[in-house]
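[1] For reference, the sequence and a predicted model appear below.
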Amino acid sequence: MNKIYYLASCDTCRKIIKSLPKDHDLVFHDIKQNPITVEELEEMYRLSGSYEALFSKKAQLYKSMDLKNKSLTEADYKKYILEHYTFLSRPVFIINDKIYIGNTQQNILQVMKALG
């Protein structure tokens, strides 16, 4: 099942979703309304190989909790992502058992290609 984990209140996510091909078969998962489960996060980990790769260091909470001055382990990244949706780097696409994390132009081009 192809899926997108996103935040409905995120302008960047909304812009990306609008630009997706019309005939895609994505399941939409708003991480604020429907928090990600341990199983979903572990699937993302299995595909990406790292919780840190899934973690957003741009989150305001990251700065306000002064996490950049702490040395975080993979277990810490996992814990923070499960505790608060803002720590998941968005959007996360899982398409044909491949993961695409974040909103870089290169990443979104790969998503378009995978969906096309």
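    Thanks, I have the structure now.
[2] make it CA atoms for all contacts and neighbour counts henceforth
    Will do.
[3] Could you pull out the helices in this protein for me?
    11-19, 38-48, 60-64, 74-83, 105-115 (DSSP state H).
[4] between those, which gets nearest to residue 93?
    For residue 93, the closest of these is helix 105-115, at 7.5 Å, according to Cα to Cα.
[5] now that closest one: how far from the chain's centre is it?
    Helix 105-115 sits 14 Å away from the centroid of its parent chain (Cα atoms, centre = their mean, to the nearest Å).
[6] Against which helices or strands is that helix packed?
    Other helices and strands packing on helix 105-115, by 3 or more Cα pairs under 8 Å, 6 or more residues apart in numbering; DSSP states H and E, are strand 92-95, strand 98-101.
[7] quick check: mean pLDDT across the first one?
    Put plainly, it is strand 92-95. Strand 92-95 comes out with an average pLDDT of 98.
[8] starting at the chain centroid, how far to it?
    Distance, centroid of strand 92-95 to centroid of chain: 8 Å (Cα atoms, centre = their mean).
[9] Which secondary structure elements does that strand sit against?
    strand 3-6, strand 98-101, helix 105-115.
[10] Send me that strand as CSV with only the CA atoms.
    Coordinates of each C-alpha in strand 92-95 appear next as CSV, following Å, rounded to 0.1, in the frame of the first residue of the first chain:
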residue,chain,number,x,y,z
VAL,A,92,7.1,10.9,4.2
PHE,A,93,6.1,8.8,1.2
ILE,A,94,6.2,5.0,1.0
ILE,A,95,5.7,3.9,-2.6
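[11] Describe which strands it pairs with in its sheet and in which direction.
    strand 3-6 (antiparallel), strand 98-101 (antiparallel) (DSSP bridges).
[12] Could you identify which of the ones you listed is most buried?
    By mean neighbour count, with neighbours taken as mean count of other Cα atoms under 10 Å, strand 3-6 ranks first of the strands paired with strand 92-95 at a mean of 22.
[13] What is the neighbour count of residue 32?
    Number of residues near residue 32 (other Cα atoms under 10 Å) recorded here: 15.
[14] same deal with the one 5 residues further on?
    Residue 37 has 11 neighbouring residues, counting by other Cα under 10 Å.
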